[in-house]
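**Student:** With the sequence up front, the predicted model follows.
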Amino acid sequence: MNAGAELTLSGISIRDQFVSAAEVQALRECAHAREARGEFAAARIGRRGRELRRDGIRGDFTCWLREPLQPAEHTLLQRMEEWRLQLNRDALLGLFELELHYAKYPPGAFYARHVDQPQGSVQRRLSLVLYLNPGWQRTDGGVLRIHGAKEGFIDIEPLGGRLVCFLTSGREHEVLQARSERLSISGWFRAREQQAPFLGA
């Protein structure tokens, strides 16, 4: 079943080996180079301008995928553009642009249950995460748990090269506690829609 059909039926698509082991390693090296330059920062929660670090809710460190890009990052963005076009053909999602960041979870870190759509906005259409964890074992933790009204939840291990996509709107999910360092590239495909009106705090 293609990804478009999966998203139409269940709202979730999983693609193993979306990138090769060599590409995983190259992207890991890109992340390490950015970290060495001090580009990673403690992730925060809250509305823009009022973000707070809350380790009891979210313990990862992030780095936005911005210029100057390294060759492996350019290659990934080209692959993601091809993926966007394919999903638009197969599922008519109206995906327009992409925002991505590295996410590093040190041992002990997690991200409590949440949704990716900021309050008052409807632009994030499809959430995605590409895992960069070669040799990941079940005992390493860091599972992505995606909740659903009917099926309860599904747990997805952060295996190197695996791409997970899910429809953003209303989809609650969480990252269970990592026992080893967990690295990914996460983000969203966005649509062109205007922001929805703000309806209160």
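**Tutor:** Yes, it's here. Residues are numbered from 1 along each chain as shown.
**Student:** since we're on residue 67, how many residues are nearby?
**Tutor:** Number of residues near residue 67 (other Cβ atoms under 10 Å) recorded here: 5. Yep, even glycine has a C-beta here, placed from its N, CA and C like the rest.
**Student:** Show the model's pLDDT score for it.
**Tutor:** What the model reports for residue 67 is a pLDDT of 93.
**Student:** before we move on, what about residue 149?
**Tutor:** Per-residue pLDDT puts residue 149 at 61.
**Student:** Tell me where the model's unsure across this protein.
**Tutor:** For the chain, applying pLDDT under 70 flags the ranges 46-53, 118-121, 149-151, 193-201.
**Student:** Give the next helix or strand downstream of the host helix or strand of residue 13.
**Tutor:** Taking DSSP states H and E as the criterion, residue 13 maps to strand 12-15. Tracing the chain C-terminally past strand 12-15 and defining elements by DSSP H and E, one meets helix 21-36 next.
**Student:** Can you list the buried residues in that next one?
**Tutor:** 23, 24, 26, 27, 28, 30, 31, 34 (16 or more other Cβ atoms under 10 Å).
**Student:** Return the list of helices and strands in contact with the strand holding residue 13.
**Tutor:** The elements that strand 12-15 packs onto, with contact taken as 3 or more Cβ pairs under 8 Å, 6 or more residues apart in numbering; DSSP states H and E, are helix 3-10, strand 163-167.
**Student:** Name the residues that touch the shortest one?
**Tutor:** Meaning strand 163-167. For strand 163-167, the external contacting residues (Cβ atoms under 8 Å, 6 or more residues apart in numbering) are 3, 7, 11-15, 18-19, 87, 125-131, 144, 146, 156, 173.
**Student:** how distant is that strand from the center of its chain?
**Tutor:** 8 Å (Cα atoms, centre = their mean, to the nearest Å).
**Student:** Show me what it pairs with in its sheet, parallel or antiparallel.
**Tutor:** When pairing is defined by DSSP bridges, strand 163-167 lines up against strand 12-15 (antiparallel), strand 124-131 (antiparallel).
**Student:** mind listing what residue 139 touches?
**Tutor:** By Cβ under 8 Å, 6+ apart, the neighbours of residue 139 are residue 179.
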